[in-house]
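Visitor: Generate a structure from the sequence data that follows.
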Amino acid sequence: MGFIQPKHFVNNKGEPYTVRTALPEDAEKVLRFNQTIISEAPFLLTTEAEFKVSYEQQKQFIKQIFDDNGKLAIVAEYQNNIIGFLDFHNGHKKRIQHQGSFGMSVADEFRNQGVGNAMLSLLLAWAKENPLIEKVCLEVFAENTNAISLYAKVGFVEEGRKVKAIKVNEDIYYDLISMTYFTK
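Guide: Numbering: from 1, shown residues only. Model prediction:
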């Protein structure tokens, strides 16, 4: 079971928020959060036109993560609204189940206020305690310097770069940087 104890934080503006395990009953809020994030965040792979997740699919996705020892989904919540979401998935085959990757998003108005750092710190604490997980991986747009700075600050190291991995249109490409954190 992918589970963390809820933890309370205060953002850089002095506002309290909670980071906790995402539950299937959060599906509607997570879905609305994802729809908003996809429409406003410049460094995501999924476009608005591609995001066609139903409430039932979102609920099943969260339930599958919750029921699996090598996966974790967490939300950051402020005044009963989701302001951040992180999901981690380890490998589905025996030889790669010791490693996994995650994606993380924070609502625009809560970026650069410690929310991403809070979610990331709880993911890494969970991963260190999880006997399956030895390596936490991510890919980040090379232009997303705020995220890269956060990842480096908590101990991630660059493993490599995928040149022109993202194609926005005929003339615009972005590189992806692969980063890793070893838990053991």
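Visitor: On the three-state scheme, Ser178 is what?
Guide: The three-state assignment at Ser178 reads strand, by DSSP: H, G, I helix; E, B strand; the rest coil.
Visitor: Need the three-state assignment for the most centrally placed residue in the chain.
Guide: Per CA atoms, centre = their mean, the C-alpha nearest to the average position across the chain is that of Met104, at 2.2 Å. Classification of Met104 by three-state DSSP places it in strand.
Visitor: burial count for Glu134?
Guide: 16 (other CB atoms under 10 Å). For the C-beta atoms, the positions are set from N, CA and C on the backbone; glycine is no exception.
Visitor: The residue nearest to the centre of the chain and Ile83 touch, don't they?
Guide: No: using CB atoms under 8 Å, Met104 makes no contact with Ile83, being 11.9 Å away.
Visitor: Identify the residues contacting the residue nearest to the centre of the chain.
Guide: Taking CB atoms under 8 Å, 6 or more residues apart in numbering, we find Met104 in contact with 84-86, 116, 119-120.
Visitor: Give me the buried subset of those residues.
Guide: Using 16 or more other CB atoms under 10 Å as the burial test, the contacts of Met104 include 84-86, 116, 119-120 as buried.
Visitor: okay if I get the residues you listed as CSV plus secondary structure, pLDDT and distance to Ala142?
Guide: Shown next, in CSV, are the buried ones among the contacts of Met104 (DSSP: H, G, I helix; E, B strand; the rest coil; pLDDT from 0 to 100; distance: CB to CB, whole Å):
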residue, secondary structure, pLDDT, distance to Ala142
Gly84, strand, 98, 23
Phe85, strand, 98, 23
Leu86, strand, 98, 21
Gly116, helix, 96, 18
Met119, helix, 98, 22
Leu120, helix, 98, 19
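Visitor: farthest-separated two in those residues?
Guide: Farthest apart among those by CB to CB are Phe85 and Leu120. That separation is 12.4 Å.
Visitor: still on that earlier bit, okay if I get the buried ones among the contacts of Met104 as TSV plus distance to Met179?
Guide: Formatted as TSV, the buried ones among the contacts of Met104 follow (distance: CB to CB, whole Å):
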residue	distance to Met179
Gly84	19
Phe85	19
Leu86	15
Gly116	14
Met119	16
Leu120	12
